[in-house]
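**Student:** pasting the sequence and the predicted coordinates here, then a few questions.
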Protein chains: 2
Amino acid sequence: MDNASRSQRRKPPARAVIKREAAPDRVAAIDVGSLGDHLGYALKRAQLRVFDDFIRAVAPLKLSPAQFSVLILLDANSGRNQAEIAAALGILRPNFVKLLDELEARGLCRRTRSEDDRRSHVLTLTDKGRATLAKATRLVADKHDKKLATLLRASERAQLMAVLDRIARAL
Amino acid sequence: MDNASRSQRRKPPARAVIKREAAPDRVAAIDVGSLGDHLGYALKRAQLRVFDDFIRAVAPLKLSPAQFSVLILLDANSGRNQAEIAAALGILRPNFVKLLDELEARGLCRRTRSEDDRRSHVLTLTDKGRATLAKATRLVADKHDKKLATLLRASERAQLMAVLDRIARAL
């Protein structure tokens, strides 16, 4: 469909606009146009919904997906420094510092100056952090993964993970 | 692997840490642990790489994926208001206002007060916005989509898009 015909149709009568504003569930009526063909958009949209479901699953622990990721990486990489963990997650330094501040304030991780390089911070999970990670892992398995399993057969999920990994490695 | 054995291994000698800091490409040595099994992480990782490739493809136009999405939605939904477009893209109001400020400053879109509801802003694409969208669409097809086509067969891409859509609708 060309631009001219797009502009001509869909201009809704004024009252309809007001109605739609009052009822957010009507927002689905927005035409995504060619956006629906873009892989980036499809990935982002699915990722946002999966994150939302993850957040609901771990709601009792108030953990964001990024915080959960950091707890996993600290558990699996004890004694590594801040810059390494941030880089592995692709989180920018100022955002990562804020994230660590929150985790440290909750007693879930600890930052200590590296004895070898005083500019560098070594990160470790506390016992409370390890316990929180264990609880979160159970909630994710019991709620989030079970819901995903109703949507995707095991073979579909494995195939999806393989394709996503191939994309991430190749680009 | 249990937590105790995770903590015991991998503590690198001090010199190795410093080396890794100096060589960011060595960051791959971080163990992602169980994170690699999480669909949300796999989606986010692939999405970040696809967005990076998109940004490279449209570099001459300096458009972010979010800005590109807004241009497409304004083109496909002329005369709709700010709240509707923001909701359709899942962008929070303050971020969306900033995004529109940038697009308007570059002469790509126009905000006008709705005649029916003075609190509401109607959005339209300018001619320059339409021309920029056309150029971006060509760059994305010529560079980004061609690169993706070397990674994914057409049938794989279609299957991936279908699975992502199913996930987004069901959660």
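**Tutor:** That came in fine, so what should we check first? It should be emphasised that the depicted structure is a prediction, and the values quoted were computed from it without experimental measurement.
**Student:** look up how far chain B lies from residue A:48.
**Tutor:** 6 Å (C-beta to the nearest C-beta, to the nearest Å). C-beta here means a position set from N, CA and C on the backbone, and glycine is covered the same way.
**Student:** ok, residue A:150 next?
**Tutor:** For residue A:150, the distance to chain B equals 8 Å [C-beta to the nearest C-beta].
**Student:** what's the answer for residue A:126, then?
**Tutor:** 12 Å.
**Student:** and that residue, backbone torsions?
**Tutor:** phi -80, psi 170 (degrees, to the nearest 10).
**Student:** and it, how many neighbours?
**Tutor:** 16 (other C-beta atoms under 10 Å in any protein chain shown).
**Student:** and what of residue A:153?
**Tutor:** 10.
**Student:** tell me the contacts of it?
**Tutor:** By C-beta atoms under 8 Å, 6 or more residues apart in numbering or on different chains, the contact list for residue A:153 is empty.
**Student:** show the pLDDT at it.
**Tutor:** According to the prediction, residue A:153 has pLDDT 95.
**Student:** can you check the one 3 residues further on too?
**Tutor:** Looking at residue A:156, its pLDDT reads 95.
**Student:** how deep is it tucked in, by neighbour count?
**Tutor:** Residues contacting residue A:156 under the criterion other C-beta under 10 Å number 13.
**Student:** and it, what element?
**Tutor:** For residue A:156, the host element (DSSP states H and E) is helix A:154-170.
**Student:** pretty sure residue A:170 is in contact with residue B:149, am I right?
**Tutor:** No - assessed by C-beta atoms under 8 Å, residue A:170 is found out of contact with residue B:149, at 11.9 Å.
**Student:** buried set for the helix holding residue A:156?
**Tutor:** Residues of helix A:154-170 classed as buried: A:157, A:159, A:160, A:161, A:163, A:164, A:167, A:168 (neighbour count, 16 or more other C-beta atoms under 10 Å in any protein chain shown).
**Student:** take those residues and lay them out in TSV including distance to chain B.
**Tutor:** Converted to TSV, those look like this (distance: C-beta to the nearest C-beta, whole Å):
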residue	distance to chain B
A:157	7
A:159	8
A:160	6
A:161	5
A:163	6
A:164	4
A:167	5
A:168	5
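**Student:** could you list everything residue A:121 pairs with in the sheet?
**Tutor:** Per DSSP bridges, the residues bridged to residue A:121 are residue A:113.
**Student:** ok, it touching residue A:82?
**Tutor:** Yes - applying C-beta under 8 Å, one finds residue A:121 in contact with residue A:82, separated by 4.4 Å.
**Student:** shared neighbours, the two?
**Tutor:** With C-beta under 8 Å, 6+ apart as the test, residue A:121 and residue A:82 both reach residue A:111.
**Student:** can you find the helix or strand of chain A with the lowest average pLDDT?
**Tutor:** In chain A, no helix or strand scores lower on mean pLDDT, DSSP states H and E than helix A:14-22, which sits at a mean of 36.
**Student:** about what we covered before: name the helices or strands packed onto the helix holding residue A:156?
**Tutor:** With contacts taken as 3 or more C-beta pairs under 8 Å, 6 or more residues apart in numbering or on different chains; DSSP states H and E, helix A:154-170 sits against helix B:39-57, helix B:146-151, helix B:154-170.
**Student:** what do you get if the cut-off is 6 Å, keeping everything else the same?
**Tutor:** helix B:39-57 (3 or more C-beta pairs under 6 Å, 6 or more residues apart in numbering or on different chains; DSSP states H and E).
**Student:** what's the first helix or strand after the helix it packs on?
**Tutor:** helix B:65-76.
**Student:** next, the angle helix B:65-76 makes with the helix or strand following that following helix.
**Tutor:** Proceeding N to C from helix B:65-76, the next assigned helix or strand is helix B:82-89, under DSSP H and E. Relative orientation of helix B:82-89 versus helix B:65-76 (axes from the mean of the first three to the mean of the last three C-alpha atoms, to 10 degrees): 120 degrees.
**Student:** make TSV from the buried residues of helix A:154-170 and add distance to residue B:109 to it.
**Tutor:** Converted to TSV, those look like this (distance: C-beta to C-beta, whole Å):
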residue	distance to residue B:109
A:157	40
A:159	40
A:160	36
A:161	38
A:163	35
A:164	33
A:167	31
A:168	33
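**Student:** which of those sits closest to residue B:134?
**Tutor:** Taking C-beta to C-beta as the measure, residue B:134 sits nearest to residue A:167 out of the buried residues of helix A:154-170, at 26.8 Å.
**Student:** what sits against the residue nearest to that closest one when sequence neighbours are not counted?
**Tutor:** Using C-beta to C-beta, 6 or more residues apart in numbering or on different chains and skipping the chain neighbours, the partner closest in space to residue A:167 is residue B:46 (4.5 Å). By C-beta atoms under 6 Å, 6 or more residues apart in numbering or on different chains, the residues touching residue B:46 are A:43, A:164, A:167, A:168.
**Student:** hmm, the first one is touching residue B:47, no?
**Tutor:** It stands for residue A:43. Yes - at 3.9 Å, residue A:43 and residue B:47 qualify as touching, with contact defined as C-beta atoms under 6 Å.
**Student:** average pLDDT for stretch A:99-113?
**Tutor:** 95.
**Student:** which residues touch that stretch?
**Tutor:** Residues from elsewhere that reach stretch A:99-113, judged by C-beta under 6 Å, 6+ apart: A:66, A:74, A:121, A:122, A:123, A:124, A:125, A:126, A:128, A:129, A:132.
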